[in-house]
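*Asks:* Build me a model:
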Amino acid sequence: MATDAPQAGAPAGGSLAPLRQPVFAVLWGATVLGNVGSFMRDVASAWMATELSSSPAAVAMVQAAATLPVFVLAMPAGVLSDILDRRRLLIVLQLVLACISASLLLLAHSQQLSITSLVLLTAAGGSAAALIAPTWQSVVPDLVPRAQLRSAVALSSLGINIARAVGPAAGGALLAAFGAAAAYGADLLSYAVVLAALLWWRPPAPAEDGLLPERFAGAFRAGLRYARASPTLRTVLLRAVVFFACASAVWALLPLVARQLLHGSAGFYGLLLGAVGAGAIGGALLLPGLRRHLDADGLMLGAALLAAVVMAGLALAPPQPAALGLMLLLGAAWITALTTLNGVAQAVLPAWVRGRGLAIYLMAFNGAMTAGSLAWGGVAQTLGVGPALLAGAVALACSALAFHRLRLPSGEADLQPSNHWPEPLLSQPVDGDRGPVMVQIDYQVADADRPQFLLAMRQVAAQRRRDGAYAWGLTEHSAEPQRLMEWFLVASWAEHLRQHRRVSRADADQQALAQRWHQGDQPPRVQHYLSVPLPPAL
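*Replies:* Residues are numbered from 1 along each chain as shown. Sure thing, here's the model as predicted:
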């Protein structure tokens with residue numbers, strides 16, 4: 001149901017404290033069972049792909065079919081997560097996934113499953129997963145007190161990896177004993193548990209803010225605008241793309257590694273994936289201690305180098321027990337990279353754009369996995385599975401060393417709304433959809449202070465664009481160079497009022513730093529201008 005949830009906030013009351021919150025405990029338990037079913041379905045589909053086709057490119061296509069929809073739909077999913085009722089959206093999507101698993105069950109039972117239908121249904125499941133992922137990650141901070149958020153998201157990651165340890169092994173056992181239909185049937189039953197939990201959950205109604213609801217197109221543009229204007233988020237995205245594009249080689253080729261290099265059965269393939277989950281659980285337990293000695297960049301470097309060693313070891317076709325040991329290490333490396341990147345992404349995103357920001361992160365993640373899977377499948381088609389996996393290991397190690405100098409943001413900024421902007425003065429009520437709106441702010445800055453003021457305004461400009469402005473500028477009076485005017489354009493009056501609520505405390509501190517260079521007893525004067533339509537031409 002969910003993807004690994006990011007880490008943020010500070011722990012309080014112990015790592016298991018969120019489980020004392022009934023809503024979190026019920027949803028957490030349901031999603032663990034739901035994800036066990038999903039992993040059982042995935043292992044059955046991956047193994048069925050190797051039975052339906054011996055082509056590495058065709059097998060890799062199944063992996064790509066699972067991740068490509070997440071890349072394409074992640075941003076629309078984030079928008080829907082921010083503007084729709086999240087509980088209802090999750091219920092609808094669980095029903096869709098149940099229908100997909102039912103279709104796989106019927107096709108497998110009747111022996112009519114083909115590589116084409118498998119790819120199409122996998123893509124459909126990936127589409128539903130694309131819509132679920134940012135929605136679920138956005139829900140987690142609302143289930144527990146803020147002081148327990150770090151523990152809650154750590155438990156979410158732990159739940160995913162419990163499912164990753166149990167699901168593939170159980171799926172492989174069902175696959176070997178009873179066939180793919182049994183694994184698909186178990187997945188179908190797991191959705192009943194998740195749906196029951198979602199129907200039981202009654203989240204509080206959102207507070208009314210008196211503004212027009214955000215429309216899809218405007219919310220979509222706002223999310224893209226935020227990503228373009230946020231250097232911290234762009235850094236996280238770049239580091240994620242580089243890591244996952246290289247590391248995707250092991251996931252795209254793992255079914256062929258199990259079958260061709262390690263000469264394993266379907267049950268052994270399930271054990272390999274189960275070992276990844278077990279290693280991830282171990283890695284999650286070790287992470288708190290590692291964080292006391294390593295920062296996010298150190299953790300990412302260590303995870304990438306460890307994953308590269310595992311990939312190189314698998315390329316050498318080791319004995320099956322040794323391969324299981326390598327997969328334990330891969331799980332530890334994978335959970336370290338996932339939680340580190342997810343945690344930083346969560347820490348740099350304010351609440352109003354959390355769904356869209358996480359969707360953009362998931363889009364980068366799955367886009368890199370999709371492109372990497374197709375690329376490494378093509379390399380394996382030409383060079384063979386072993387050489388392709390070895391090439392992926394070299395690429396991952398080299399890229400990790402090269403990008404280690406591009407530091408990840410600390411994520412320590414206070415992103416709570418500051419609410420320090422006064423309400424605009426109005427002569428009469430303004431329709432919320434009227435626009436565009438021009439905001440002008442007048443400063444008086446001495447010549448000696450201009451360099452420091454301009455430096456501070458560079459940060460202010462990025463903030464305005466992140467929070468809603470589609471254009472920004474700074475001008476000086478032609479006759480009085482000390483008079484400077486900042487201006488920016490917002491699409492509508494309602495969007496500007498939302499902009500008031502989006503300014504964080506960290507943004508307020510930066511704006512105060514810029515305003516310290518303003519001279520005079522009064523603060524900078526703020527004026528609002530609304531567009532006036534001209535009469536039609538005669």
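*Asks:* Give me the nearest residue to Ala322, chain neighbours excluded.
*Replies:* Gly313 (7.5 Å; Cβ to Cβ, 6 or more residues apart in numbering). The C-beta positions use only the backbone N, C-alpha and C, and glycine is treated the same way.
*Asks:* What is the helix or strand that contains that neighbour packed up against?
*Replies:* Assigned by DSSP states H and E, Gly313 belongs to helix 296-315. Secondary-structure packing of helix 296-315 (3 or more Cβ pairs under 8 Å, 6 or more residues apart in numbering; DSSP states H and E): helix 231-256, helix 266-291, helix 320-347, helix 385-403.
*Asks:* Give me the buried positions along that helix.
*Replies:* Buried residues in helix 296-315, counting neighbours by 16 or more other Cβ atoms under 10 Å, are found at 296-297, 299-315.
*Asks:* Kindly report the same for stretch 262-281.
*Replies:* 262, 264, 266-281.
*Asks:* low pLDDT regions in the stretch 201-350 of the chain?
*Replies:* Where the stretch 201-350 of the chain drops to pLDDT under 70, the residues are 205-213.
*Asks:* make it 80
*Replies:* For the stretch 201-350 of the chain, applying pLDDT under 80 flags the ranges 204-218, 266-267, 270, 273-274, 277, 284-285, 287-288, 291, 343, 346-347.
*Asks:* Need the three-state assignment for Tyr443.
*Replies:* Secondary structure of Tyr443, reduced to three states by DSSP: H, G, I helix; E, B strand; the rest coil: strand.
*Asks:* Now do the contacts for it.
*Replies:* Taking Cβ atoms under 8 Å, 6 or more residues apart in numbering, we find Tyr443 in contact with Phe453, Arg483, Leu484, Met485, Glu486, Gln515, Trp517, His518, Pro524.
*Asks:* let's see it at 6 Å
*Replies:* Taking Cβ atoms under 6 Å, 6 or more residues apart in numbering, we find Tyr443 in contact with Leu484, His518, Pro524.
*Asks:* Restricted to strands, list those residues.
*Replies:* Counted as lying in strands by DSSP state E, out of the contacts of Tyr443, are Leu484.
*Asks:* which one of the contacts of Tyr443 sits closest to Ala252?
*Replies:* Leu484 (54.5 Å; Cβ to Cβ).
*Asks:* Distance of the closest residue to that closest one other than its chain neighbours relative to Ala183?
*Replies:* Residue nearest to Leu484 in three dimensions, not counting chain neighbours: Tyr443, with 4.6 Å by Cβ to Cβ, 6+ apart. Computed as Cβ to Cβ, to the nearest Å, the Tyr443 to Ala183 distance reads 66 Å.
*Asks:* Hmm, Gly357 and Pro134 touching each other?
*Replies:* No. With contact defined as Cβ atoms under 6 Å, Pro134 does not reach Gly357; the gap is 8.6 Å.
*Asks:* you'd agree the residue nearest to Ala322 is up against Met327?
*Replies:* No. Between Gly313 and Met327 there is no contact under Cβ under 6 Å: 10.0 Å.
*Asks:* Strands along this protein, start to end?
*Replies:* Using DSSP E, strands in the chain cover 437-444, 469-476, 483-490, 525-530.
*Asks:* Nearest approach to Gly223 belongs to which of the ones you listed?
*Replies:* That would be, of the strands of the chain and by Cβ to Cβ, strand 469-476, which comes in at 13.1 Å.
*Asks:* tilt between the closest one and strand 437-444?
*Replies:* On the basis of axes from the mean of the first three to the mean of the last three Cα atoms, to 10 degrees, strand 469-476 is oriented at 30 degrees to strand 437-444.
*Asks:* what's the angle between strand 469-476 and strand 483-490?
*Replies:* Strand 469-476 and strand 483-490 are oriented at 170 degrees to each other (the same axes, to 10 degrees).
*Asks:* quick one on the thing from earlier: from Val257, how far off is the residue nearest to Ala322?
*Replies:* Distance, Gly313 to Val257, by Cβ to Cβ: 11 Å.
*Asks:* that older thread, quick check, nearest of the contacts of Tyr443 to Ala402?
*Replies:* Nearest to Ala402 among those, with distances taken as Cβ to Cβ, is Leu484, at 41.3 Å.
*Asks:* you'd agree the closest one is up against Glu476?
*Replies:* Yes. With contacts counted by Cβ under 6 Å, Leu484 reaches Glu476, the gap being 5.2 Å.
*Asks:* Who has more neighbours out of those two?
*Replies:* With neighbours defined as other Cβ atoms under 10 Å, Leu484 and Glu476 compare such that Leu484 has more, 22 against 14.
*Asks:* For the more buried one, which residues are in contact?
*Replies:* Here Leu484 is in contact with Tyr443, Val445, Glu476 (criterion: Cβ under 6 Å, 6+ apart).
*Asks:* Which pLDDT value goes with it?
*Replies:* What the model reports for Leu484 is a pLDDT of 94.
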